[in-house]
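Q: Sequence and predicted structure, then a few things I'm wondering about:
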Amino acid sequence: MTNTGARPQAATASETVKHETKTVQTVRGTEKLMISKWEKDGWELVSQNPGKLRTELVFRRPKPPLPWKLCAIIGGVLVVLGVFIGIMATIAGDKDDTAAPASTPSTEAVAPRDEPSTEAEEPVASAPAEEPTHTIENNADLASLLTGPAEGPTVEAFAQKYSGQLIEFDGAIGAMNNHEGYTTRYDILIVSGDYSETHSNGGPSFQFRDVNITNDLHLTGDVPDTLGVGDNVHVIARVGSLDGQLFLLEPVQTSVR
């Protein structure tokens, strides 16, 4: 994807300064407000990558240099620590040289006695059983859930019966918002079936809450550069609880299809 908002940078000595970067996603049309907000906090816009519904903004700012006094203190502590370790190693070597000689072996042989063996047989460790995963092919309850109403007794009964167990299904990202203002953690709405703006395939509104795209979704297969609303996914997740009209899931494995 071509960066449309990257600003030209002059080749000066300041380029040797180390920078820290931050990636922010914002709804299309609000880029100027978001850029102004972060620039007030001392961040510099590096690139602007528009998507279908959201724009990814990348900022940077110089990292504060490590104070020279702190470096001097750390160096002094390391020198003292090295001297101390050397002294302790010398003392330990002197103790080994003055150790008492080994006692001479006894010339009297001890008569062997027949004693029963006390060695206990080690139990053979059995391989852990593979955790079953419920799919629409092997679980009628899941098949009914994904084509049934968005809420009600059917959804409540499934959440209670299969709490903590794994389910697997094809879905799509219906909505994606920052979690409580964080820029790298999201609340992701998952709907059943392929993405559509005109109709629903049935089933509850699943949600991955407070997740990081890189680590928490456990992406596999051909991982795209960006992930957002409208992407069709294949989900393996652990059944959580109900929060109003949201059915919470814990992602175990996610792939874009």
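A: It's in.
Q: Under a three-state scheme, what state does Ile73 occupy?
A: Classification of Ile73 by DSSP: H, G, I helix; E, B strand; the rest coil places it in helix.
Q: Now Leu227: closest residue in space, sequence neighbours ignored.
A: If the residues on either side of it in the chain are set aside, Leu227 comes closest to Ile213, at 5.8 Å by CB to CB, 6 or more residues apart in numbering. Placement of C-beta: from N, CA and C, glycine included.
Q: Tell me how many other residues crowd that neighbour.
A: Ile213 has 18 neighbouring residues, counting by other CB atoms under 10 Å.
Q: do the same with the one 3 residues further on
A: Asp216 has 17 neighbouring residues, counting by other CB under 10 Å.
Q: Next: the one 5 residues further on.
A: Per other CB under 10 Å, the neighbour tally for Gly221 reads 11.
Q: Could you tell me how many residues sit around the closest residue to it other than its chain neighbours?
A: On the basis of CB to CB, 6+ apart, the spatially nearest residue to Gly221 that is not a chain neighbour turns out to be Ser255, at 4.2 Å. Counted by other CB under 10 Å, the residues lying close to Ser255 total 16.
Q: Please name the bridge partners of Ser255.
A: For Ser255, the beta-bridge partners under DSSP bridges are Thr220, His234.
Q: With Gly202 as the reference, measure out to it.
A: Note on Ser255: its distance to Gly202, by CB to CB, to the nearest Å, is 22 Å.
Q: residue boundaries of the helices in the stretch 51-200 of the chain?
A: 68-97, 140-147, 153-161 (DSSP state H, counting those that start in this stretch).
Q: Nearest to Gly171, out of the ones you listed?
A: With distances scored as CB to CB, the stretch of the helices of the stretch 51-200 of the chain nearest to Gly171 is helix 140-147 (8.6 Å).
Q: Can you list the buried residues in that closest one?
A: Residues of helix 140-147 classed as buried under the neighbour-count rule (16 or more other CB atoms under 10 Å) are 141-142, 145-146.
Q: Just checking, which helix or strand of this structure averages the lowest pLDDT?
A: When the helices and strands of the chain are scored by mean pLDDT, DSSP states H and E, helix 68-97 comes last with a mean of 74.
Q: Go ahead and measure how far it is from the middle of the chain.
A: Computed by CA atoms, centre = their mean, to the nearest Å, the separation of helix 68-97 from the middle of its chain amounts to 39 Å.
Q: likewise stretch 171-183?
A: Using CA atoms, centre = their mean, the mean C-alpha position of stretch 171-183 is found 15 Å from that of the whole chain.
Q: any residues touching that stretch, and which ones?
A: Here stretch 171-183 makes contact (CB atoms under 8 Å, 6 or more residues apart in numbering) with 22-25, 54, 185-196, 205-206, 209-211, 227-235.
Q: Give the buried subset of the residues you listed as a ChimeraX selection command.
A: Here is the ChimeraX command that selects the buried residues among the contacts of stretch 171-183 (16+ other CB under 10 Å):
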select :24,25,54,186,187,188,189,190,191,192,193,205,206,209,211,227,228,229,231,233,235
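Q: Just the ones of the contacts of stretch 171-183 in strands?
A: In strands, judged by DSSP state E, the following of the contacts of stretch 171-183 are found: 22-25, 54, 186-192, 205-206, 209-211, 232-235.
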